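# Provide a 3D model corresponding to the input given below.
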Amino acid sequence: MIPSQIMFDAIRANRVHIPPNPFAVGGYVNGAITDYIWHTPDWDAFPDSYHVRINVTGDPSRGNALDVEQGDATPGNVQQWIESRGAAIQDPLLVYCNRSNLDACLAARNAAQNATGIYAFMWVATLDGTIEGRSATQFAQTKVNGVAVTDCTLITNPRLIAAMMARLAAKP
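Residues are numbered from 1 along each chain as shown. Model prediction:
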């Protein structure tokens, strides 16, 4: 059995607070606040980590993770994003959401899977330390002087971990 893994994600300015060599690292690929978007050197700082490229707008041509939160993508973006990204990339897809929109995101994810056979893993935010029965759970934040600087996620799904490891192994 593959052991659980840890992922850290942050806005660009807080990337420096991510520990070296995590299994996976997440950064933003779009959004209204352009200072949050990671650039090539930010990704290059983690050459041995799996890269979770977080799309906050629902753009069907961006990322391997869709951020469905208030002010970001909506559950209405999920099915189109999965269908377009799943057909375009080999990376596993993640849909990130909180408990309040989990049911709507699951319904959209399931509709995409039923229509195309493309599967997306669910990544849920709890921030109270509980680990949901989903593929990945953001369970905590690291803080500097009381200010949250990175999010911490536990990846527990062996299929997701294996898919991430396979993509890491395929890197040139």
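
# quick one: low-confidence parts of this structure?
1 (pLDDT under 70).

# ok, and the closest non-adjacent residue to the residue positioned nearest the centre of the chain?
Centroid-nearest residue in the chain: residue 65, 4.3 Å away (criterion: CA atoms, centre = their mean). Excluding its sequence neighbours, the residue lying closest to residue 65 (CB to CB, 6 or more residues apart in numbering) is residue 94, at 4.1 Å. C-beta here means a position set from N, CA and C on the backbone, and glycine is covered the same way.

# do the same with residue 21
Once flanking residues are discounted, residue 21 sits nearest to residue 48: 5.7 Å by CB to CB, 6+ apart.

# burial of that neighbour, as a residue count?
11 (other CB atoms under 10 Å).

# likewise residue 139?
19.

# Equivalent analysis for residue 129, please.
Look at residue 129: counted by other CB under 10 Å, it has 8 neighbours.

# Hmm, it is touching residue 140, no?
Yes. Using CB atoms under 8 Å, residue 129 makes contact with residue 140 at a distance of 6.5 Å.

# isn't there a helix covering the residue nearest to residue 21?
No. Counting by DSSP: H, G, I helix; E, B strand; the rest coil, one finds residue 48 to be coil, located in no helix.

# who are the neighbours in contact with the residue nearest to residue 65?
52, 64-66, 120-123, 135-136, 160 (CB atoms under 8 Å, 6 or more residues apart in numbering).

# And the furthest pair within those residues?
66 and 160 (14.9 Å; CB to CB).

# Quick check on these two: which one has the bigger neighbour count.
residue 66 (33 against 24).

# where do the helices sit along the chain?
Assigned by DSSP state H, the helices in the chain fall at 40-44, 75-88, 102-116, 158-169.

# any idea how far residue 82 lies from residue 5?
23 Å (CB to CB, to the nearest Å).

# before we move on, what about residue 116?
Taking CB to CB, one finds residue 116 at 27 Å from residue 5.

# Got phi/psi on the residue with the largest distance to the centre of the chain?
Note on the chain: the largest C-alpha distance from the chain mean falls to residue 145, namely 25.8 Å (CA atoms, centre = their mean). Here is the backbone geometry of residue 145 (degrees, to the nearest 10): phi 50, psi 40.

# C-alpha coordinates for stretch 76-92, PDB please?
In PDB, the C-alpha atoms belonging to stretch 76-92 read as follows (Å, rounded to 0.1, in the frame of the first residue of the first chain):
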ATOM      1  CA  GLY A  76     -21.100  25.200 -12.600                       C
ATOM      2  CA  ASN A  77     -17.500  25.300 -14.000                       C
ATOM      3  CA  VAL A  78     -16.600  21.800 -12.800                       C
ATOM      4  CA  GLN A  79     -18.100  19.500 -15.600                       C
ATOM      5  CA  GLN A  80     -16.800  21.600 -18.500                       C
ATOM      6  CA  TRP A  81     -13.300  22.000 -16.900                       C
ATOM      7  CA  ILE A  82     -13.000  18.200 -16.300                       C
ATOM      8  CA  GLU A  83     -14.200  17.400 -19.800                       C
ATOM      9  CA  SER A  84     -11.800  19.800 -21.400                       C
ATOM     10  CA  ARG A  85      -8.700  19.200 -19.200                       C
ATOM     11  CA  GLY A  86      -9.100  15.500 -19.000                       C
ATOM     12  CA  ALA A  87      -9.000  15.200 -22.700                       C
ATOM     13  CA  ALA A  88      -6.000  17.600 -23.000                       C
ATOM     14  CA  ILE A  89      -3.600  16.400 -20.300                       C
ATOM     15  CA  GLN A  90      -2.300  13.200 -18.700                       C
ATOM     16  CA  ASP A  91      -2.100  14.600 -15.200                       C
ATOM     17  CA  PRO A  92      -4.700  13.500 -12.600                       C
END
